[in-house]
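Student: Predicted model, plus sequence, below.
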Amino acid sequence: MTSYVAAIDQGTTSTRCMIFNHEGRVVSVDQREHEQIFPKAGWVEHNAEEIWENTRRVAAGALAKADLTARDIAAVGITNQRETALVWDRRTGKPVYNAIVWQDTRTDKIVTDLGNLGGGQERYRAKVGLPLATYFSGPKIKWILDNVEGAREKAEAGDLIFGNMDTWVLWNMTGGPDGGVHVTDPTNASRTMLMDLDTLQWDAEIAGEMGIPLSMLPEIRSSSEEYGKVREKGALAGVPIAGILGDQQAATFGQACLSPGEAKNTYGTGNFMLLNTGTEKVMSQNGLLTTVCYKIGSNDTVYALEGSIAVTGSLVQWLRDNLGMITTAAEIEEHARSVEDNGGAYFVPAFSGLFAPYWRSDARGAIVGLTRFVNKGHLARAVLEATAFQSREVIDAMNADSGVPLKSLKVDGGMVVNELLMQFQADILGVPVIRPVVNETTALGAAYAAGLAVGFWKSEDDIRTNWAQDKQWDPAMDESRREREYRNWKKAVTKTFDWVSEED
Ligand SMILES: Nc1ncnc2c1ncn2[C@@H]1O[C@H](COP(=O)(O)OP(=O)(O)O)[C@@H](O)[C@H]1O
Ligand SMILES: O=P(O)(O)OC[C@H](O)CO
């Protein structure tokens, strides 16, 4: 009897396997972190073979923890950190280079050069919905082909293939060099800069300009259909893999933001707010991305506006790993609670430049407003407040684009256990912040996509029914303080601009 659906969540910091029951509740979880590799300032890489090894282990682990076997699982969904780019040999299964992570800024010059061909940052936006930025996969693939010896020749000969982490995991789960399926879905493809948002096909002209052979690119299928079955050796052997969604789109689906106007904000390594715009593709006038939200089987494509913020939870990690100021992420809340406010300090974590709504790759991080008064507690507050201020900027942009101010905000992700942050977020937005019972909405969304494809769930109404509220934070800050704090933040942001120049 297949009573469950599994999801593989291949995230920036870890890989998880989660098993859900029909009510969309978590039955078991297994999780493994992987190494964050920083070879140079601004470079961020992952070892894709380590990630695949972790994927196999967590799949086996989650089944064992729930005392289940593959026969109990109706389908598997895959969700993943988006944009992170990998090129590997289709015969050996070996990557030619580490995966270049979405946060990596090494493609700055490639991006500037492409912009200089005419049209600047907006060169491709009308077709792909994205500004030219180091964030997306296309320039990362170009970097690999330009810089790894022999890669371009091999790619042109058809020996190398590209994938984001969804494709890497799917290809390996379905057999790797031995019959692995080379497929992605439109949510992931819409983050490469290479997919036409209307046709959901690769754009030959843009791929040509970036020097990327089309033969490297995976086939784009829907987000919810059977792509293949797990290879015989796997813990989930024989189970259909039937859903793929980029992690932020998966969280939007898992949060039941299924109607135009519904939005969620996920607080993980970075923050990503997505507003469902229905079958209408809205082009932002305010620094947001236009992206595919999901495409369920043969249904119409649903689009979203997205505000992506590069550094939120990873700033807490930085405090822990680089400064040793805390030993666990949770400790930051204790320090922040030791003081009344930020003591005048603002921390703008422009470690990968600034994403939405600025798209400034020349920005770098800054702490401003420092005096002898500022202590560890104030800095801890400034770190948490940075997440909330950046989210306010994105929400302001979304309100301006949609013309309909958001009345409340659904939240999820690793940081939303932080009560001080959630209260400050409600305060700085001036609207309630709502956390669902199942906070693992990313994995849940991928499970829903897979479960819908095999008939485990019948329709999107099942998703709406399963969603339940856990906690709500209401704004308690008076408006004049809210606006003063926000003005200070905006001023702090301007101090990070123009830091990196051509010579750097
Ligand atoms: N109590 C906490 N307070 C603040 N940040 C936290 C807390 N717990 C975890 N985090 C942050 O949340 C992030 C992990 O969230 P998660 O959603 O698992 O990330 P991802 O999916 O991006 O790998 C980490 O960056 C971590 O620093
Ligand atoms: O792995 P996460 O949750 O930090 O998400 C990463 C995003 O998909 C990057 O666009």
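Tutor: Received it, and whenever you're ready, just let me know what you need. Numbers count the residues shown, from 1 in each chain. Ligands and ions are numbered 1, 2, ... in the order given.
Student: end-to-end on stretch 473-480?
Tutor: 20 Å (Cα to Cα, to the nearest Å).
Student: For that stretch, buried residues please.
Tutor: 473, 475, 477 (16 or more other Cβ atoms under 10 Å). For the C-beta atoms, the positions are set from N, CA and C on the backbone; glycine is no exception.
Student: for stretch 37-57, same thing?
Tutor: Buried residues in stretch 37-57 (16+ other Cβ under 10 Å): 42, 44-46, 48-52, 54-57.
Student: ok, back up a step: can I get the buried residues of stretch 473-480 in TSV including distance to ligand 1?
Tutor: As requested, those are arranged in TSV below (distance: Cβ to the nearest ligand atom, whole Å):
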residue	distance to ligand 1
473	15
475	20
477	20
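Student: which one of these sits closest to residue 248?
Tutor: Distance ranking of the buried residues of stretch 473-480 against residue 248, using Cβ to Cβ, places residue 473 first at 21.8 Å.
Student: Assess the claim that that closest one and residue 429 are in contact.
Tutor: No - using Cβ atoms under 8 Å, residue 473 makes no contact with residue 429, being 9.9 Å away.
Student: give the contact list for the nearest residue to residue 460 once chain neighbours are set aside.
Tutor: Once flanking residues are discounted, residue 460 sits nearest to residue 258: 5.2 Å by Cβ to Cβ, 6 or more residues apart in numbering. Contact analysis of residue 258 by Cβ atoms under 8 Å, 6 or more residues apart in numbering lists 276, 460, 463-464.
Student: got it, and residue 168?
Tutor: Residues counted as contacts of residue 168 (Cβ under 8 Å, 6+ apart) are 48, 51-52, 86, 88, 99.
Student: contacting residues around stretch 29-39?
Tutor: With Cβ under 8 Å, 6+ apart, stretch 29-39 has contacts from 13-19, 44-47, 50-51, 54, 57-62, 64-65, 98, 440.
Student: please redo it, this time with the cut-off set to 6 Å
Tutor: 13-18, 45, 50-51, 54, 58, 61-62 (Cβ atoms under 6 Å, 6 or more residues apart in numbering).
Student: before we move on, the earlier item: next, the residue nearest to residue 460: secondary structure please.
Tutor: Of the three states, residue 258 takes coil under DSSP: H, G, I helix; E, B strand; the rest coil.
Student: Distance check, the residue lying closest to residue 180 once chain neighbours are set aside against residue 14.
Tutor: Leaving aside its sequence neighbours, residue 180 sits nearest to residue 171 (Cβ to Cβ, 6+ apart; 3.8 Å). Applying Cβ to Cβ, to the nearest Å, the value for residue 171 to residue 14 is 20 Å.
Student: For these two, indicate the residue with more neighbours.
Tutor: Counting neighbours by other Cβ atoms under 10 Å for residue 171 and for residue 14 shows that residue 171 has the greater number, 26 against 16.
Student: possible to save the buried residues of stretch 473-480 as JSON lines with pLDDT and secondary structure?
Tutor: Below are the buried residues of stretch 473-480 laid out as JSON lines (pLDDT from 0 to 100; DSSP: H, G, I helix; E, B strand; the rest coil):
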{"residue": "473", "pLDDT": "97", "secondary structure": "strand"}
{"residue": "475", "pLDDT": "96", "secondary structure": "coil"}
{"residue": "477", "pLDDT": "95", "secondary structure": "coil"}
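Student: Need those residues in CSV (columns: distance to residue 185).
Tutor: Formatted as CSV, the buried residues of stretch 473-480 follow (distance: Cβ to Cβ, whole Å):
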residue, distance to residue 185
473, 34
475, 37
477, 41
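Student: for those, which one is nearest residue 138?
Tutor: Among the buried residues of stretch 473-480, residue 473 lies closest to residue 138 (Cβ to Cβ), at 39.0 Å.
Student: Quickly list what the closest one is bridged to.
Tutor: Following DSSP bridges, residue 473 is listed with bridge partners residue 433.
Student: how about it, what does it touch?
Tutor: Per Cβ under 6 Å, 6+ apart, neighbours of residue 473: 422-423, 426, 433.
Student: try it again with 7 Å
Tutor: Residue 473 is in contact with 422-423, 426, 432-433, counting by Cβ atoms under 7 Å, 6 or more residues apart in numbering.
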